[in-house]
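# Following is a predicted model, sequence given first.
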Amino acid sequence: MIHDMGGKYHHGDLRAELVRVSLDLIAEQGLAAFSVAEVARRAKVSPGAPYRHFRDKESLMAAIAATVACQLADRVHDAIEAETDPVAALAAAAGAYTAYLIERRAGMNVIYSDGLQGPEHAALHEQTRRLTDQFLMLCLAVADRPQNGLELMEQLFTQAHGYGTFYLDRVFTKQGYSTDVVVRKSVEAARAAIEGRKRM
C-alpha cells in the first residue's frame, strides 16, 4: 500500500483516483489549471506519488484524455442509439459532444493535447478512434462522397466544440442562454450543416 499525507490507496486504486481527480480539476478550472502537483494535493498524496503510477505528466494526461474520449464515445453512442434517421442521429451526436464539453470542460482540447500523438499512448488512440468512427460512419452515410463526409465530420466537431466553448467562456450566458438552450442550438446548427452538405 501507499501511505501519503493521510491518503491510503492500493496501487491500482491510486492510479484511477489520480485520473478522476484530474478530470474534476479540469471540469472546475479548465485545462490550463491542470498540474500534477495540484492533482496530488487534491488526492491527498505526496507530490511524488503520481510518478509511481505515471512516468511523467504526459503519461497522466494521456490517461485523462483516454478517459475523456471513452466517456464522450459512450455519450455519443447513447445519443445515436435513440435516433433512427442518420441525420437526426448525427445532429444528436453533436449535441451530446457539446453537453459533455460544458459539463466537463473537456473534449478535443484534451484528447489532442500536445505530446499525446506518439504510439506509446495506444489506449488513447483506441478510444479516440472509437469516438471519431461513430461520427465518421454517419457522415459517410449522409454525404455524397467520402471527402465531403470527412469535411462534414470536421465541421461538426468544430461547431459542437465552439458552442460549448462559447458557453464556458460566458459568451452565451451573457445572452441568458441555459445549457439546454446551447445544446439545442448545437443540434440545430449540426442539422443545418448536414443538410447543407447533402445539397452540395
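Everything's here; your move. Numbers count the residues shown, from 1 in each chain.

# can you give me the helices in this protein?
Taking DSSP state H as the test, the helices found in the chain are 11-29, 36-43, 57-81, 86-104, 108-111, 122-142, 146-168, 179-199.

# who wins for proximity to residue 51 among the ones you listed?
helix 36-43 (7.8 Å; C-beta to C-beta). For the C-beta atoms, the positions are set from N, CA and C on the backbone; glycine is no exception.

# List of residues touching the closest one?
Contacts to helix 36-43, defined as C-beta atoms under 8 Å, 6 or more residues apart in numbering, come from residues 7, 14, 17-18, 21-22, 24-25, 46-51, 57, 60.

# now swap in stretch 188-200 and tell me
Applying C-beta under 8 Å, 6+ apart, the set of residues contacting stretch 188-200 is 87-88, 90-91, 93-95, 142-144, 148, 151-152, 155-156, 159-160, 163.

# thinking again about what came up before, just put the helices of the chain in CSV and tack on mean pLDDT and mean neighbour count.
CSV is the format used below for the helices of the chain (pLDDT from 0 to 100; neighbours: other C-beta atoms under 10 Å):
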stretch, mean pLDDT, mean neighbour count
helix 11-29, 91, 17
helix 36-43, 97, 18
helix 57-81, 98, 20
helix 86-104, 98, 23
helix 108-111, 98, 20
helix 122-142, 97, 18
helix 146-168, 97, 19
helix 179-199, 92, 17
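
# how much space between residue 161 and residue 167?
Counting by C-beta to C-beta, to the nearest Å, the gap from residue 161 to residue 167 is 11 Å.

# Tell me which residues touch the residue nearest to residue 153 when sequence neighbours are not counted, please.
Among residues not flanking residue 153 along the chain, residue 139 sits closest, at 4.5 Å (C-beta to C-beta, 6 or more residues apart in numbering). By C-beta under 8 Å, 6+ apart, the contact set of residue 139 is 90, 149-150, 152-153, 156.

# and if we set it to 6 Å?
149, 152-153 (C-beta atoms under 6 Å, 6 or more residues apart in numbering).

# what do you get for residue 171?
No contacts exist for residue 171 under C-beta under 6 Å, 6+ apart.

# For it, give me phi and psi.
Geometry field for residue 171 lists phi and psi as phi -70, psi -50, criterion degrees, to the nearest 10.

# That one and residue 152: what is the separation?
Counting by C-beta to C-beta, the gap from residue 171 to residue 152 is 25 Å.

# Same question for residue 145.
Distance from residue 145 to residue 152, by C-beta to C-beta: 11 Å.
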